[in-house]
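Student: Sharing a sequence plus its predicted fold:
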Amino acid sequence: MTRRHEDFVKRLFSEYFALELRKIPETTEPTPDFGAYASGVQIAVLEVKALEATAPFATAEELARDKLIAGALRPDNFAGRVATKIHEAIRQLENAELPKVLVLLNDWSGADKYDLQEALQGYLRYEDEKLSTLRLAALERMRRDRAKIDLYLWIDRVSDEGPQLLAANSTGQALRLRYFDARRPI
């Protein structure tokens with residue numbers, strides 16, 4: 001994460017949610033990026049992952065081998081990259097005792113909050129059909145691990161939409177209701 005990303009997320013949390021983010025010093029062990037504070041009390045730990053349009057995409061051969069649905073193929077397989085970022089964040093957050101928050105900072109107009117939704121549930125529904133661009137291994141890993149992060153925030157810097165919040169479990173839901181939904185500006 002760059003200093004520019006850090007500053008943007010800190011400013012957004014302060015202005016949008018009235019929460020203070022304090023940088024957690026890096027060590028030889030994986031650590032979260034920030035502690036999140038409400039009225040001086042730490043309420044969560046936070047990892048920030050930036051998403052950019054630079055990773056390779058799935059080929060037709062990989063689709064066939066991994067039994068993916070060709071009709072759902074996007075040339076970038078962004079949901080797969082979101083799933084990879086989630087697993088990177090799990091490693092950073094797994095030893096924290098406080099609620100865990102992952103901020104996905106999107107800087108690419110070709111991706112949106114539905115890529116997070118697909119990564120977390122394994123598919124998107126189009127009419128009556130469930131379609132997925134995730135490889136089978138990524139899908140199985142997401143089903144097993146998605147609740148290890150309590151709350152997901154999708155911040156889309158290429159649209160006017162505000163942060164999108166998805167709670168993965170009851171801890172995330174409680175955190176969202178108390179500190180995020182209630183603090184959004186009107």
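Tutor: Arrived safely. Residues are numbered from 1 along each chain as shown.

Student: switch to C-alpha atoms for all contacts and neighbour counts from now on
Tutor: Fine.

Student: neighbours of the closest residue to G122 other than its chain neighbours, just the number please.
Tutor: Nearest-residue entry for G122: L139, 5.7 Å, with adjacent residues in sequence omitted and distances by C-alpha to C-alpha, 6 or more residues apart in numbering. L139 has 21 neighbouring residues, counting by other C-alpha atoms under 10 Å.

Student: doesn't L139 fall inside a helix?
Tutor: Yes. The assignment for L139 is a helix, going by DSSP: H, G, I helix; E, B strand; the rest coil.

Student: do you know how far it is from F13?
Tutor: Distance of L139 to F13, given as C-alpha to C-alpha, to the nearest Å: 31 Å.

Student: So what does K23 have for phi and psi?
Tutor: Dihedral pair for K23: phi -60, psi 130, per degrees, to the nearest 10.

Student: Stretch 148-157 - what's its average pLDDT?
Tutor: Mean per-residue pLDDT for stretch 148-157: 91.

Student: CA-only coordinates of it in PDB, if you can.
Tutor: Taking Å, rounded to 0.1, in the frame of the first residue of the first chain, the C-alpha atoms of stretch 148-157 are listed here in PDB:
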ATOM      1  CA  LYS A 148     -12.100 -14.900   8.900                       C
ATOM      2  CA  ILE A 149     -12.500 -11.300   8.100                       C
ATOM      3  CA  ASP A 150     -15.500  -9.700   9.900                       C
ATOM      4  CA  LEU A 151     -16.300  -6.700   7.700                       C
ATOM      5  CA  TYR A 152     -15.400  -5.900   4.100                       C
ATOM      6  CA  LEU A 153     -15.400  -2.300   2.700                       C
ATOM      7  CA  TRP A 154     -15.300  -1.700  -1.000                       C
ATOM      8  CA  ILE A 155     -14.200   1.800  -1.800                       C
ATOM      9  CA  ASP A 156     -14.500   2.600  -5.500                       C
ATOM     10  CA  ARG A 157     -12.400   5.700  -6.300                       C
END
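
Student: can you map out the helices along the protein?
Tutor: With DSSP state H, the ranges of helices along the chain come out as 3-17, 60-65, 78-93, 113-121, 136-145, 170-175.

Student: For those helices, give me CSV that also has distance to T31 and mean pLDDT.
Tutor: Below are these laid out as CSV (distance: least, C-alpha to C-alpha, whole Å; pLDDT from 0 to 100):
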stretch, distance to T31, mean pLDDT
helix 3-17, 15, 92
helix 60-65, 34, 62
helix 78-93, 5, 88
helix 113-121, 23, 80
helix 136-145, 18, 77
helix 170-175, 19, 96
